[in-house]
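> Here's a sequence, model it:
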Amino acid sequence: MFEKYLDIKPDIQAALAANKAVVALESTIISHGMPYPQNVATAKQCEQIVRENGAIPATIGIINGKLKVGLSDEELELMGQANNIMKVSRRDLPWVVAQKLHGATTVASTMIIANMAGIKVFATGGIGGVHRGAETTFDISADLTELANTSVAVVCAGAKSILDLPLTLEYLETQGVPIISYQTNELPAFYTRQSGLMLPQWSNDITNIADLIHTKWALNLKGGVVVANPVPEAYAMDFDYISNCIEQSLQKATALGIKGKDTTPFLLAEIKKITAGKSLDTNIQLVFNNAKVAAALAVALCAAISSR
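Below you'll find the model as predicted:
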């Protein structure tokens, strides 16, 4: 029934039908994460990186209420320039579709639409998580509950370091979501490769990770998998420096009464200001790196499916 709301580009549809590698990409980073024209240029570069590494990119967004799986150049420009693009998570999907609005998809809604289309690998920057102070605010990202329920592998640079990372790990463990770190046994923390949090499951081999993901779903264990991929060392920020920047930004958000869904955009913008733009440069590079690893994972996952 939901198929009538889906608009899948023909090349993506053909690739899925032939069990070829496809990587989903989100659109919130375009509409709400960066200024124009840097946002569109970054989105196009992500797509190119996916192609160069053997997979087909599927940037996901909502245009006039249609769930678009694969955006044209004109649609990417719309996402990057229009001021009426709503930020859409699971809660918002029915409204945006029913009202035939434009929407940029978050991690949660990108997972949902990717799963509808049959795409199993998704590259993003960093997932949401349990916000600091959640014991009183109950502010927990919908990304985490989506990971518990939707069978898509999410390649990310860990959770955003503005969050409460220990509580985020606890929540994901409770929900039964595997977190596999790539080429490190430590949870990466978005801007930095370090968090001080060691992970029991990690691998240097993308094929091993693909086998684990395939096995989870073959066992009929629903839900996603987090593939934590650290930002390349050349672009990583110093742990103590970025921690201090985050603390300053959190204090300002508290003083201004910033809450709820406005918190993350405010903090990211504030950190960018404090770091004189260096945090945005790191953000872009980690997204590129995640696109590269996601493409390799999608290829390996297709091979694992074909061999079983």
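
> How about residues contacting the helix or strand hosting Val96?
Take DSSP states H and E as the rule and Val96 turns out to sit in helix 93-98. Helix 93-98 is contacted from outside by Tyr5, Ile62, Gly65, Lys66, Leu67, Met86, Val88, Leu101, His102, Gly103, Ser109, Ile112, using C-beta atoms under 8 Å, 6 or more residues apart in numbering. Backbone N, C-alpha and C define where each C-beta goes, glycine included.

> can you confirm Thr168 is in a strand?
No. Checked against DSSP: H, G, I helix; E, B strand; the rest coil, Thr168 lies outside a strand; its state is helix.

> So for the helix or strand harbouring Ala291, mean pLDDT?
Using DSSP H and E, Ala291 sits in helix 278-307. Averaging pLDDT along helix 278-307 gives 95.

> what packs against it?
Counting contacts by 3 or more C-beta pairs under 8 Å, 6 or more residues apart in numbering; DSSP states H and E, helix 278-307 is packed against strand 22-25, helix 38-52, strand 121-123, strand 153-156, helix 206-218, strand 225-228, helix 263-274.

> in stretch 269-280, what's buried?
For stretch 269-280, the neighbour count (16 or more other C-beta atoms under 10 Å) marks Glu270, Ile271, Lys272, Ile274, Thr275, Lys278, Ser279, Leu280 as buried.

> Direction included, what does the longest strand belonging to the chain pair up with?
In the chain, with assignment by DSSP state E, the single longest strand is strand 56-63. Using DSSP bridges, strand 56-63 pairs in its sheet with strand 22-25 (parallel), strand 66-69 (antiparallel), strand 103-105 (antiparallel).

> Make TSV out of these and add distance to Asn204, mean pLDDT and mean neighbour count.
Output for those, formatted as TSV (distance: least, C-beta to C-beta, whole Å; pLDDT from 0 to 100; neighbours: other C-beta atoms under 10 Å):
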stretch	distance to Asn204	mean pLDDT	mean neighbour count
strand 22-25	21	98	30
strand 66-69	32	98	22
strand 103-105	31	98	29
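
> on that earlier part again, in the helix holding Val96, what's buried?
Leu93, Val96, Val97.
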